[in-house]
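[1] Need a 3D model of the following:
(3 chains)
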Amino acid sequence: MPELPEVEVICQGLQPHIIGKRIRNIHCSDKRLRVPIDCEGMLSELCNQQIHSLTRRAKYLILKMKNGAGLIMHLGMTGNIGIFNQGTVRKKHDHICWLLDNDKEMRFNDTRRFGAAHLLPAKNAQILENAFFAATGPEPFARNCTAGYLHKLAAKRSQAVKNFIMDSHVIAGIGNIYANESLFRAAIHPARPASSLSEKEWRRLLTIIRKTLRHAIQCGGSTISDFVNASGDGGYFQMNFQIYGKNGEACAVCERTIQRTVLGGRASFFCPTCQRISD
DNA sequence: CAAGTTACCTGACGGC
DNA sequence: TGCCGTCAGGTAACTT
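    This is a model prediction of the structure:
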């Protein structure tokens, strides 16, 4: 579900509900996420502490308490975090529930349990956070994320450009949907070797990635199956999909039939006319 | 060291 | 009706 835009929408949606609130109790399911949930650790580090901030880095959410402790959370494929009234029935895959001091409860729901929550104890939170993101590529909107950087890094990579831009060590936050959509909008074939793009093409692609992500955030993200923001509203960027999931349909630009292929094990869609394999 | 494969999970859907 | 295979927004530990 969640790529950068969806995580950003969840982050912005949660902030007004939780900043400054105190966590009164934490309840965890007995199931493990991608890593085990450290419920004991969360109780001792986060309980009775006030929430200082919630931010996003790549597809991760970072919760910080005023005592310095923190939590790095990932939503995996099916994760979501929402705000609910305490006492309302918890859903089947609610794995972590943080009870706040305003009768609200923040709940982490994740059907497939590919998500994760990493605790950052107060005494070395910043060191652990830095280590956690040490190998993560720049944010697409960051100043140090430039066409020159991508062009130079891609020079030694023979892999498909789509796989390259989905590599979180290269650039953060781009998943399968927005990789497909951005490459279509940039008229670049997803299977082209990353090293074959000129710096000019990287400039165009980066501009379009940014535009596409920004647009998706403004739309409240993409709702496939059941994505909703913190208030329970779905996004509507899926209305703007031009290529993702559209194999067999006519290209909106040239009417040629959209093709589906598999790259890096992920469904990849392209228009054979608009996205030429060689330039 | 780059790049491909596998594992981690549940649920929806289509074919039979 | 149900059983089976396939597929799904992600990531990291493996292997090659």
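
[2] Give the buried residues for the top helix by length along chain A.
    Identified as the longest helix of chain A according to DSSP state H is helix A:199-218. For helix A:199-218, the buried set under the neighbour-count rule, 16 or more other CB atoms under 10 Å, comprises A:201, A:202, A:203, A:204, A:205, A:206, A:208, A:209, A:212, A:213, A:216, A:217. Quick note: C-beta positions are derived from backbone N, CA and C, even for glycine.

[3] now, which of these sits nearest DNA strand C?
    residue A:216 (10.3 Å; CB to the nearest atom of the strand).

[4] ok, so what distance separates that closest one from residue A:54?
    Residue A:216 is 20 Å from residue A:54, where distance means CB to CB, to the nearest Å.

[5] For DNA strand C, what's the nearest residue on the stretch 101-250 of chain A?
    Closest point on the stretch 101-250 of chain A to DNA strand C, by CB to the nearest atom of the strand, is residue A:175, at 1.8 Å.

[6] what's the spacing between that residue and DNA strand B?
    Using CB to the nearest atom of the strand, to the nearest Å, we find residue A:175 at a distance of 13 Å from DNA strand B.

[7] Go ahead and confirm residue A:267 touches residue A:259.
    No - here residue A:267 lies out of contact with residue A:259, judged by CB atoms under 8 Å, at a distance of 11.1 Å.

[8] Run through the strands of chain A in chain order.
    For chain A, the strands defined by DSSP state E cover A:23-28, A:51-57, A:60-65, A:70-74, A:79-85, A:94-100, A:104-110, A:116-120, A:259-263, A:266-270.

[9] Dump the ones you listed to a markdown table, plus distance to residue A:17, mean neighbour count and mean pLDDT.
    Listed next are these as a markdown table, based on distance: least, CB to CB, whole Å; neighbours: other CB atoms under 10 Å; pLDDT from 0 to 100:
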| stretch | distance to residue A:17 | mean neighbour count | mean pLDDT |
| --- | --- | --- | --- |
| strand A:23-28 | 13 | 17 | 98 |
| strand A:51-57 | 10 | 17 | 98 |
| strand A:60-65 | 12 | 22 | 98 |
| strand A:70-74 | 15 | 22 | 97 |
| strand A:79-85 | 5 | 21 | 94 |
| strand A:94-100 | 8 | 20 | 97 |
| strand A:104-110 | 6 | 22 | 95 |
| strand A:116-120 | 18 | 20 | 97 |
| strand A:259-263 | 39 | 14 | 95 |
| strand A:266-270 | 34 | 21 | 96 |
